[in-house]
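Trainee: Need a 3D model of the sequence below.
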Amino acid sequence: MAYTPELYYEYSCTLRRIAWSLKLPMTKAMPAVIDHYCKTIDTQKVCDRCRDKTKCDECSFNHS
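Mentor: Prediction:
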């Protein structure tokens, strides 16, 4: 597993509520939130500022 930052209490509570609404455990809700965000963010900004160009083919922001 990669580096896992600790969630502040406020964000843990928010994630819990999102998980409840999705009827998922928090461990599955977090990837779902990230997957959704990856589909809505301006991918060009992410790619322009990316510091690791070695993983473009498997990157969540690569929609091609």
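
Trainee: all contacts plus neighbour counts: C-alpha atoms, from now on.
Mentor: Noted.

Trainee: which residues of this protein score low on pLDDT?
Mentor: Residue ranges of the chain with pLDDT under 70: 1.

Trainee: do that again at 80, thanks
Mentor: The chain contains residues with pLDDT under 80 at 1-2, 63-64.

Trainee: so the spatially most distant residue from the centre of the chain, which of the three states?
Mentor: Ranked by distance from the centre of the chain (Cα atoms, centre = their mean), the top residue is residue 54, with 19.2 Å. Taking DSSP: H, G, I helix; E, B strand; the rest coil as the rule, one finds residue 54 in the helix state.

Trainee: now do residue 47
Mentor: Applying three-state DSSP: residue 47 is helix.

Trainee: tell me the contacts of the nearest residue to it once chain neighbours are set aside?
Mentor: Excluding the flanking residues, the one nearest residue 47 by Cα to Cα, 6 or more residues apart in numbering is residue 61, at 7.7 Å. Applying Cα atoms under 8 Å, 6 or more residues apart in numbering to residue 61 gives the contacts 38, 39, 43, 46, 47.

Trainee: tell me, how many neighbours does the fourth one end up with?
Mentor: When neighbours are counted by other Cα atoms under 10 Å, residue 46 registers 13.

Trainee: residue nearest the centroid of this structure?
Mentor: Note: the chain centre (Cα atoms, centre = their mean) maps to residue 34, 2.2 Å.

Trainee: name the element that one belongs to?
Mentor: helix 26-40 (DSSP states H and E).

Trainee: So for that helix, what gets flagged as buried?
Mentor: Across helix 26-40, burial judged by 16 or more other Cα atoms under 10 Å covers 26, 29, 30, 32, 38.
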